[in-house]
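Novice: Sequence and predicted structure are below.
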Amino acid sequence: MSCLAKAAVVVPAAGSGSRVGGPVNKLLRPLAGEPLLVHTLRAVAALSPAQTVLVCRDDERDAMTSVAGQAGCPITFAPGGATRQASVAKGLREVRAELELVAVHDGARPLVTPELFLAALASAHEHGSGVVAVPVADTLKTVADGHVVGTVDRGTTWAMQTPQAFRTSWLAEAVRFAAVTGFEATDEAGLVEHLGREVRVVRGSPRNMKVTRNEDFAVAAALLEGGGMQTSRIGYGYDVHRLVPGRELWLGGVKIDSPVGLLGHSDADALLHAICDALLGAIGAGDIGRHFPDSDPAYEGVASLRLLEATHRLVAEAGYRVLNLDATVIAERPRLAPYVERMREVIAAAIAVTPQQVSIKATTHEGLDDLGAGQGIAAHAVAALTNG
Ligand code: MG
């Protein structure tokens, strides 16, 4: 969108967070594993406006620099003021003169999306203003001395959120006018209304909550972590290789004492191949042949443990971790029981779990068919993954 090239985002982050309590600015408190403000600035970074101005206290500038770095969000600093209105005024002073649009966004709304910014800025581009708001769901009453004294018409009542976007000249004029008239507003829309300009509303989302009280942190964290919708996935893998003389026998990443070994392009570790396929299957990423093709000389003679590690990286990149693995090796000989504990340790280390999460069982084929005749070794594996 063309309006982004002339848009600045101003984030007031100088508040003391007194409603949350404690000496630490609530924007620096951890939320879902990272400082709250990292989440907010990450959404701004994804938007990529021409300039982002972060308004903060001087003594918190180092912490804020690190937070902005963590979010990948380049920023210009502005010093904080005594009130939100004063902070926004100072932030506006740092906005580059050529930027025609400005969106002010609460640092304490970490669930904002680039789409909400775009909607507000597009409205400001076209109409001069665009403030994000949602219709209220609760019935609102005016209350005095513990008594209801009136009912607010819910049909026309909306709760204001941020971002609130304006032509930069409008907001700058509104800030000056408020200073001259001694007017204090709780949001930027209030300042522009006071100036007598029309403030247009852009429909927001109830998810775009403001983290104000201690209990809001848990709600915001649940929303950030996928609305609490943890998912599990399972995958299945199977592999078989032929046994031939003159090859080492590798199974489960462990060298087995044997006069014969499995034939294949890599070390032909059928157990690890079955496990790789189970992991890839669980994330819907095809099979081992697709990621590490036989035809690629890079994989000739490669230890299959390297393939398992690479497969685990794909699992992690997909946002999952292994809950447990269960595998069965079908081998007429040699006897594998003495090697099973070592296999569990080696496999567990490659996929970042404990050996207790890896089960390896060995069985024979009771003399039946080619496997029973000892012509090859096969392996089955299932893997359970979670994104929680
Ligand atoms: Mg194989």
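Specialist: Noted; the coordinates are in hand.
Novice: Quick check: residues of the chain near the ion?
Specialist: Near the ion, the residues belonging to the chain are 239, 273 when assessed by CB under 5 Å from the ion. In this view, the C-beta of every residue, glycine as well, is placed from N, C-alpha and C.
Novice: switch the cut-off to 6 Å
Specialist: The chain comes close to the ion at residues 239, 241, 264, 270, 273, as judged by CB under 6 Å from the ion.
Novice: and which of these is nearest to G15?
Specialist: Comparing these against G15 with CB to CB picks out H273 as the nearest, at 56.0 Å.
Novice: By residue count, what's the longest strand in this structure?
Specialist: strand 232-245 (DSSP state E).
Novice: ok, how many other residues are close to the residue in the stretch 51-200 of the chain that the ion sits nearest to?
Specialist: For the stretch 51-200 of the chain, the residue closest to the ion is G72, as judged by CB to the ion, at 40.1 Å. G72 has 12 neighbouring residues, counting by other CB atoms under 10 Å.
Novice: OK, contacts around it?
Specialist: Applying CB atoms under 8 Å, 6 or more residues apart in numbering, we find G72 in contact with 42, 45.
Novice: One more: S232?
Specialist: Residues counted as contacts of S232 (CB under 8 Å, 6+ apart) are 323, 384-388.
Novice: Highest neighbour count among the residues you listed?
Specialist: For these, neighbours were counted by other CB under 10 Å; the highest total belongs to L385, with 23 neighbours.
Novice: Just the element for that one, please.
Specialist: L385 is part of strand 376-386, with elements assigned from DSSP states H and E.
Novice: that older thread, got the buried residues for the longest strand of the chain?
Specialist: Buried residues in strand 232-245, defined by neighbour count with 16 or more other CB atoms under 10 Å: 233, 235, 237, 239-243.
Novice: again, but for stretch 323-335
Specialist: Applying a neighbour-count criterion of 16+ other CB under 10 Å, the buried positions in stretch 323-335 are 323, 325-332, 334.
Novice: likewise stretch 65-80?
Specialist: Buried residues in stretch 65-80, counting neighbours by 16+ other CB under 10 Å, are found at 67-68, 71, 73, 75, 77-80.
Novice: Identify the residue nearest the residue in the stretch 101-250 of the chain that the ion sits nearest to in space, chain neighbours excluded?
Specialist: Each residue of the stretch 101-250 of the chain has a distance to the ion, by CB to the ion, and the smallest belongs to D239, at 4.2 Å. Spatial nearest neighbour of D239, chain neighbours left out: H273 (4.0 Å); criterion: CB to CB, 6 or more residues apart in numbering.
Novice: Just give me the neighbour total for the one you found.
Specialist: Per other CB under 10 Å, the neighbour tally for H273 reads 29.
Novice: same thing with A381?
Specialist: 29.
Novice: partner residues bridging it?
Specialist: For A381, the beta-bridge assignment (DSSP bridges) gives partners G237, A327.
Novice: How much space separates it from I288?
Specialist: Computed with CB to CB, to the nearest Å, the distance linking A381 and I288 is 11 Å.
Novice: Are there residues contacting both of those two? Which ones?
Specialist: Between them, A381 and I288 share these contacting residues under CB under 8 Å, 6+ apart: D277.
Novice: Does A5 belong to a helix, a strand or coil?
Specialist: Reduced to three states with DSSP: H, G, I helix; E, B strand; the rest coil, the structure at A5 is helix.
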